[in-house]
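[1] give the three-dimensional model of this entry:
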Amino acid sequence: MRSIILTATFLAQVLALPTTSETSSDAPPPWVAPGPNDLRSPCPLLNSLANHNIIPHDGRNITISILETAFTKYINVGNDVAIGVGGPALLLSPMANSMSFDLTDIDKHNAIEHDGSLSRDDFYFGNDHSFNPVIFAHVQSYFLQDPIEIPIAAKARLARMNTSNTTNPDFSLDTAAMGATFVESAFYLSVFGDPVTGVAPRNWVNVFFEEERLPVAEGWTRRDTETNLTTLMAMAAKIVAATPATSLSVGFNLADASHA
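    Numbering: from 1, shown residues only. From the prediction side, this is the model:
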């Protein structure tokens, strides 16, 4: 989700792309594990949508229009976020001026993927694209309260940042990537909880990360209130405010990150 922290220039370019609007909602298609020839990414959200065949199950030829429909129809996330995710992904396609991307295209260090992921290891250690149960277990160890609320998410995020910073000799987060780490936490609290209060059932969050599945079987449904850039930035600001002051957070300003 780092990609939703965009420069003003790039956002203007992406907004010039043709878009569609989809307001109706359906239950997600059944979850099907990826096969040996299916592509997946470092992003648990895009992987989950592919596993449900909400975006192509093979992980190929994903367009902005496909993302917009997927986000709006199935998880009630606004087109601005779909553009913020899909626009940078298009730029990572190996095909010049491509209007689609494959999930593996975004597996490029410090492009969308970044150090300190809540569910992936750092690039320095090798596999930065697959779910890492040890990494996520460390994050989960802070989910002592159910439901998860903003202060808990803030502590879990910071603990992961600190561990990455102290164990990875090449640890690196620029301003935009640092901002993305707050927005990513805001995202799971919003889509699997509430985009205003930031309260999410722990089991739904665990299923999303561990299985890359929408937790429909556990009772989750598409939220009534839309998650969009405005709500995400507002919640990210609350997570920043709830984060204890350390070298990884002192003086951090989301407004600076949004223009990095």
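[2] buried stuff in stretch 36-55?
    38-52, 54-55 (16 or more other CB atoms under 10 Å). Backbone N, C-alpha and C define where each C-beta goes, glycine included.
[3] now, the residues you listed that are in helices?
    Pro44, Leu45, Leu46, Asn47, Ser48, Leu49, Ala50, Asn51 (DSSP state H).
[4] out of those, which comes closest to Pro195?
    Nearest to Pro195 among those is Leu45, at 14.7 Å by CB to CB.
[5] pretty sure that closest one contacts Ser190?
    No. Look at Leu45 against Ser190 with CB atoms under 8 Å: they stay out of range, at 11.5 Å.
[6] give me the mean pLDDT for stretch 33-40.
    Throughout stretch 33-40, pLDDT has a mean value of 98.
[7] repeat that for stretch 138-148.
    On average, stretch 138-148 scores 97.
[8] quick one: low-confidence ranges for the chain?
    1-24, 246-260 (pLDDT under 70).
[9] what ranges does it have for its helices?
    Under DSSP H, the chain gives helices at 8-15, 44-51, 64-75, 79-91, 133-140, 150-167, 175-191, 202-211, 229-242, 254-258.
[10] could these go into TSV alongside distance to Val32?
    Converted to TSV, the helices of the chain look like this (distance: least, CB to CB, whole Å):
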stretch	distance to Val32
helix 8-15	31
helix 44-51	6
helix 64-75	15
helix 79-91	22
helix 133-140	21
helix 150-167	30
helix 175-191	21
helix 202-211	12
helix 229-242	29
helix 254-258	36
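[11] which stretch among those helices comes nearest Glu113?
    Closest among the helices of the chain, once you apply CB to CB, is helix 175-191, at 9.4 Å.
[12] helices or strands up against the closest one?
    Secondary-structure packing of helix 175-191 (3 or more CB pairs under 8 Å, 6 or more residues apart in numbering; DSSP states H and E): helix 150-167, helix 202-211, helix 229-242, helix 254-258.
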